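Chemist: Sharing a sequence plus its predicted fold:
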Amino acid sequence: MKYCCMGPVLSVHRYNSMSQLSRIGVAIDSELLEKFDALIQKKGYTNRSEAFRDLIRDDLVREETASPDADVVGTITLIYDHHVRTLSERLMEIQHQHHHQIVSVLHVHLNHDSCLEVLIVRGRAMDLQMLADLLIATRGVQHGKLSMTVASSTNPSSSHSHS
């Protein structure tokens, strides 16, 4: 490994292939590596490389979706008591007011009292956050969560064409 004034320098080797893979070396504490190996085995990864790639992608997506103007897709998940007076109507009204951001809605009856709704949404990150906040803050909603990601061509494992 080479060193410079800032510490070790990673060497990068490029291989000629369709995906332009680069090989890097990483120094990591043995105990941390053991924990990482146990975690990725539990999650079903067959190798460290794919686990590292997913960690990097996750951080890149988190960074990109943090921009208010980012074009994102996501889900808004709601758990609510459908017996709360006019709650279903209020949630439906909010959804109708934001129909241009809502792609689809799944509604599931969990038990006698509770419902689960999953809204698939698309739009600017700031707009989807505002919609999620509005829905989650509605009286009677017991829990809610917004999850956003980007539909990006920079992720080679997800690129495909529709004919």
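Modeler: Good, I have the coordinates.

Chemist: Can you give the distance from the one helix or strand residue 61 maps to to the centre of its chain?
Modeler: For residue 61, the host element (DSSP states H and E) is helix 48-65. Chain-centre distance of helix 48-65: 10 Å, with C-alpha atoms, centre = their mean, to the nearest Å.

Chemist: Now do the helix or strand that that helix is followed by: which elements does it pack against?
Modeler: Next helix or strand after helix 48-65 toward the C-terminus (DSSP H and E): strand 71-81. Using 3 or more C-beta pairs under 8 Å, 6 or more residues apart in numbering; DSSP states H and E as the contact test, the elements touching strand 71-81 are helix 87-97, strand 114-124, helix 125-136, strand 141-149. Bear in mind the C-beta positions are built from the backbone N, C-alpha and C, glycine included.

Chemist: now these as JSON lines including distance to residue 108?
Modeler: Below are these laid out as JSON lines (distance: least, C-beta to C-beta, whole Å):
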{"stretch": "helix 87-97", "distance to residue 108": "14"}
{"stretch": "strand 114-124", "distance to residue 108": "4"}
{"stretch": "helix 125-136", "distance to residue 108": "16"}
{"stretch": "strand 141-149", "distance to residue 108": "14"}
